[in-house]
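Q: turn this into a structure:
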Amino acid sequence: MKAIKWLMTGVLALSLTACASYYPVAVDVQPTVDAQGGVYRGQAVSLSSQDKRKNDYIIQIEQNNKAPVVVGASNNIKVQMEQALAQGFSNQGAFIEQGSPTQIQLELEEVLARVIRGHISYDVVQQLRMKLVLKRDGRTITKQYRRSAQAEFPGRLHPELDKVKDAVNEQLSLMLKDMLNDRDVQQFIGAQ
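A: Numbers count the residues shown, from 1 in each chain. A predicted model of the protein is given here:
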């Protein structure tokens, strides 16, 4: 009887370990930039970023009667967004130059995709919030950006995290496009 008890305990522990290790610890975040040229005429800007998110994970998997499983980004999401934004400004004709009088700070406030288990599918609810703070000659403007999206993916046992990762990358890319196409930002930078 004792041997069966030990065997059942071992099987239970193994099955719990297998569930917890099914998901990766992190996924690769790669936002893309789609910016048209000819917006700026060689204006110089300095660019910095801060990560002010409450959590360092980007995906939270919620299943009935289980603790949520969280998945982070395998690369630094703040650096990825700053580099993509710099690339976008460069594509538009600006020069990225540290110490420039025109300073732009990107602040990440929320990047989260909640994966919610349904009966035969998963809902992916995304919330993104970021801010640009632009400063020059004592003037400051602050622009808030928000994106939210919801998608449903089929799956009975486990969500396909590649699809969730692609959805996150798409929303990050759309947010970059919102920032780069913002007329207030373009006028502030272009008025040097």
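Q: what helix or strand is the residue positioned nearest the centre of the chain located in?
A: In the chain, the residue lying closest to the centroid (Cα atoms, centre = their mean) is Val111, at 4.4 Å. Under the criterion of DSSP states H and E, Val111 resides in strand 103-117.
Q: so what strands line up beside that strand?
A: Paired strands of strand 103-117, with direction, are strand 44-51 (parallel), strand 57-62 (parallel), strand 121-136 (antiparallel) (DSSP bridges).
Q: using PDB, write down the CA coordinates of the shortest one.
A: Right, the one you point to is strand 57-62. Included here for strand 57-62 are C-alpha records, laid out as PDB according to Å, rounded to 0.1, in the frame of the first residue of the first chain:
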ATOM      1  CA  TYR A  57       6.400  39.600 -18.400                       C
ATOM      2  CA  ILE A  58       4.500  40.200 -21.600                       C
ATOM      3  CA  ILE A  59       2.200  37.100 -21.700                       C
ATOM      4  CA  GLN A  60      -0.100  35.900 -18.900                       C
ATOM      5  CA  ILE A  61      -1.800  32.500 -19.500                       C
ATOM      6  CA  GLU A  62      -4.900  32.100 -17.400                       C
END
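Q: one step back: winner for burial among the strands paired with strand 103-117?
A: Here the criterion is mean neighbour count by mean count of other Cβ atoms under 10 Å, and of the strands paired with strand 103-117 the winner is strand 57-62, at a mean of 20. In short, each C-beta sits where N, CA and C put it, glycine included.
Q: what does it rub up against?
A: With Cβ atoms under 8 Å, 6 or more residues apart in numbering as the test, strand 57-62 has contacts from 23, 27, 29, 68-73, 77, 111-117, 159, 161, 164-165, 168.
Q: may I see the PyMOL selection of the buried members of those residues?
A: In PyMOL, a selection of the buried entries from the contacts of strand 57-62 looks like this (16 or more other Cβ atoms under 10 Å):
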select buried, resi 23+27+29+69+70+71+72+73+77+111+112+113+114+115+116+117+159+161+164+165+168
